[in-house]
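Asks: Got a predicted structure here, sequence first:
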Amino acid sequence: MKKIFLGICIGLISTQVYALSGTTNGGHAACLKKEWLDDFVSFAVAKDTGSIQAYLDSKKCIILKKGLRVTVTESPGMLGGTTGFVFQGIKLWTVREALEYGN
């Protein structure tokens, strides 16, 4: 019984999300869906400017301005490359380097 209770407690602790404040560095893409961010990064690596522009024109992704105050909702963790954040009530995804955390 103690093992079950301990397991439940650990499970609850590990699923909590701690919102952090952050500030955008600027010049990085942010997308409405994590999958779209993955696509956008792939387009950038392939230097596919047509696909990049199509995602920007369709408002799937935006280019972040420097100095915007955001709330980080999903931390990239130790090995993660993407992070979730909210700006003016809109949930977005970006790369780890696009945000300064705890500002």
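Replies: That came through fine. Residues are numbered from 1 along each chain as shown.
Asks: ok, C61 touching Y55?
Replies: Yes: look at C61 against Y55 with CB atoms under 8 Å: they come within range, at 4.6 Å. C-beta coordinates here come from the backbone N, C-alpha and C atoms, glycine included.
Asks: so what sits against both of those two?
Replies: Shared contacts of C61 and Y55 (CB atoms under 8 Å, 6 or more residues apart in numbering): 31, 36, 40.
Asks: circling back to that earlier point, which one's more surrounded, C61 and Y55?
Replies: C61 (24 against 19; other CB atoms under 10 Å).
Asks: All the strands of this structure, residue numbers only.
Replies: With strands called from DSSP state E, the chain shows them at 20-24, 29-31, 61-63, 69-74, 82-87, 90-95, 99-101.
Asks: can you redo the ones you listed as a markdown table with distance to S51 and mean pLDDT?
Replies: Rendered in a markdown table, the data for those read as follows (distance: least, CB to CB, whole Å; pLDDT from 0 to 100):
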| stretch | distance to S51 | mean pLDDT |
| --- | --- | --- |
| strand 20-24 | 23 | 92 |
| strand 29-31 | 12 | 98 |
| strand 61-63 | 11 | 97 |
| strand 69-74 | 25 | 94 |
| strand 82-87 | 19 | 96 |
| strand 90-95 | 17 | 97 |
| strand 99-101 | 24 | 91 |
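Asks: before we move on, back to that, name the member of the shared contacts of C61 and Y55 with the most neighbours.
Replies: Going by other CB under 10 Å, F40 tops the shared contacts of C61 and Y55 with 24 neighbours.
Asks: wait, that residue sits on C61?
Replies: Yes: with contact defined as CB under 8 Å, F40 counts as touching C61 (5.2 Å).
Asks: Overlap in contacts, the two.
Replies: What both F40 and C61 touch, as defined by CB under 8 Å, 6+ apart, is the set 29, 31, 55.
Asks: would you turn the residues you listed into TSV with distance to L99?
Replies: Below are the shared contacts of F40 and C61 laid out as TSV (distance: CB to CB, whole Å):
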residue	distance to L99
A29	12
C31	14
Y55	20
